[in-house]
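Student: Predicted model follows, preceded by the sequence.
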Amino acid sequence: MIKVFNLTKKYGKYEVLKGISFEVEKGNIYGLLGRNGAGKTTTMNILTGLIDYDEGEIYINGKMLNRNNRKLIDEIGYLPENPTFYNYMTGSEYLYFISKIRGIPHQKASTEVEELLNTVKLKEAANKKIQGYSRGMKQKLGLAVALLDNPEIIFLDEPTSALDPESRYDILNQILEMKKNGKTIFLSTHILSDAERVCDYVGILDKGKIIFSGRLKELKQKYIQPVYDIVFENLPTNAEEKLNNVKWIDDIKIENDIISIYVNDIEAAKKNILNEISKLSIPVISLQRRENTLEDIFIRMVKQNEHL
Ligand SMILES: Nc1ncnc2c1ncn2[C@@H]1O[C@H](COP(=O)(O)OP(=O)(O)OP(=O)(O)O)[C@@H](O)[C@H]1O
């Protein structure tokens with residue numbers, strides 16, 4: 001559905017994308033993950049034909065997206081990171097307006113607009129002016145615009161950032177619903193728990209390169225590694241130094257009074273963890289073992305990439 005080979009993009013001398021390649025198959029949700037400034041929006045804007053690129057090949061639905069002839073492809077819908085609207089219009093008026101621009105016949109548009117307002121749960125606010133919409137409502141309206149004319153492929157740039165938990169939940173559910181309806185979805189996000197909830201495949205973009213692209217399940221299996229979270233009464237100052245010398249500890253992360261210990265030998269960890277903690281001589285409030293999350297894996301991969 002989407003194939004990208006060796007894509008390069010420079011802003012002046014600054015090379016944001018250094019030859020990235022990945023594929024998204026039909027009917028899947030692919031999440032492009034990366035820190036702020038990694039180049040996610042740049043990638044989105046290139047794939048949706050909004051900006052030019054320097055080198056590489058892009059195929060969307062079997063058609064080559066030509067660098068010098070970036071015609072917007074009919075089969076795609078796009079929700080940009082910060083969608084802009086005509087705020088004096090109502091949500092419903094705006095959807096009719098966009099339908100008209102896209103050349104959707106009025107009768108077809110009226111059925112579709114009603115359906116979409118239902119789908120994105122904006123029916124009640126449909127006749128209210130957009131200027132009174134919350135960020136979440138605007139995002140839902142943006143999603144409706146992306147879904148107009150039933151595109152096969154939908155691009156969503158940071159669809160859940162800056163939303164409250166309820167709106168995030170709604171949007172994520174709608175993304176899952178789109179997949180059920182056979183859509184192919186390419187989204188970018190830095191909210192890894194959201195990616196973990198909806199994505200089948202992920203690509204990790206870091207320092208201009210894709211450092212992983214594949215099935216989320218495979219990534220988690222590859223990096224399967226238990227983590228111990230230990231909450232201390234107050235943080236031991238020399239903890240990092242002491243724990244880093246322990247053989248079966250791969251890495252540690254310290255946040256407030258919690259130390260997360262990433263383990264490379266679970267049998268050794270089970271036998272020795274209490275002993276190592278007692279050496280720190282600080283009262284422990286709790287100790288819990290868990291599987292690592294996508295966030296843990298992401299942080300470790302990006303850290304490893306830092307040393308390359
Ligand atoms: N038009 C531009 N001209 C020059 N530099 C740019 C331009 N657009 C983006 N950049 C730079 O390219 C890099 C990637 O930006 P981009 O917006 O693609 O990142 P992002 O991963 O989407 O980040 P965020 O999550 O913060 O939106 C950043 O360093 C940014 O400052």
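Tutor: Done, it's in.
Student: for the strand or helix carrying residue 20, which positions count as buried?
Tutor: Element membership for residue 20 (DSSP states H and E) is strand 14-24. Within strand 14-24, the residues that qualify as buried are 16, 17, 19, 20, 22, 23, 24, counting by 16 or more other CB atoms under 10 Å. For every residue, glycine as well, the C-beta is placed using N, CA and C.
Student: And stretch 142-162, by the same measure?
Tutor: Going by neighbour count (16+ other CB under 10 Å), the buried part of stretch 142-162 is 142-148, 151-161.
Student: got it, and stretch 5-15?
Tutor: By 16+ other CB under 10 Å, the buried positions in stretch 5-15 come out as 7, 9.
Student: what's it in contact with?
Tutor: 16-21, 39, 42-43, 46, 51, 53-58, 208 (CB atoms under 8 Å, 6 or more residues apart in numbering).
Student: what's the distance between the residue positioned nearest the centre of the chain and residue 95?
Tutor: In the chain, the residue lying closest to the centroid (CA atoms, centre = their mean) is residue 189, at 2.5 Å. Taking CB to CB, to the nearest Å as the measure, residue 189 falls 25 Å from residue 95.
Student: helices or strands up against the helix or strand bottoming out on mean pLDDT in the chain?
Tutor: Ranking every helix and strand in the chain by mean pLDDT, DSSP states H and E puts helix 294-306 at the bottom, with a mean of 81. If you count contacts as 3 or more CB pairs under 8 Å, 6 or more residues apart in numbering; DSSP states H and E, helix 294-306 packs onto helix 192-198, strand 201-206, strand 209-215, helix 216-222, strand 249-255, strand 258-263.
Student: all helices of the stretch 101-250 of the chain, in order?
Tutor: 106-119, 135-147, 165-180, 192-198, 216-222, 239-244 (DSSP state H, counting those that start in this stretch).
Student: pretty sure the residue nearest to the centre of the chain is in contact with residue 163, am I right?
Tutor: No: when contacts are counted by CB atoms under 8 Å, residue 189 is not listed as touching residue 163 (11.5 Å).
Student: Near residue 289, how many other residues are there?
Tutor: A count of neighbours around residue 289, defined by other CB atoms under 10 Å, yields 14.
Student: That one against residue 230, yeah?
Tutor: No: with contact defined as CB under 8 Å, residue 289 does not reach residue 230; the gap is 10.0 Å.
Student: Contact residues of the protein facing the ligand?
Tutor: Contacts of the chain with the ligand, taken as CB under 6 Å from any ligand atom, map to 11, 16, 34, 36, 37, 38, 39, 40, 41, 42, 81, 190.
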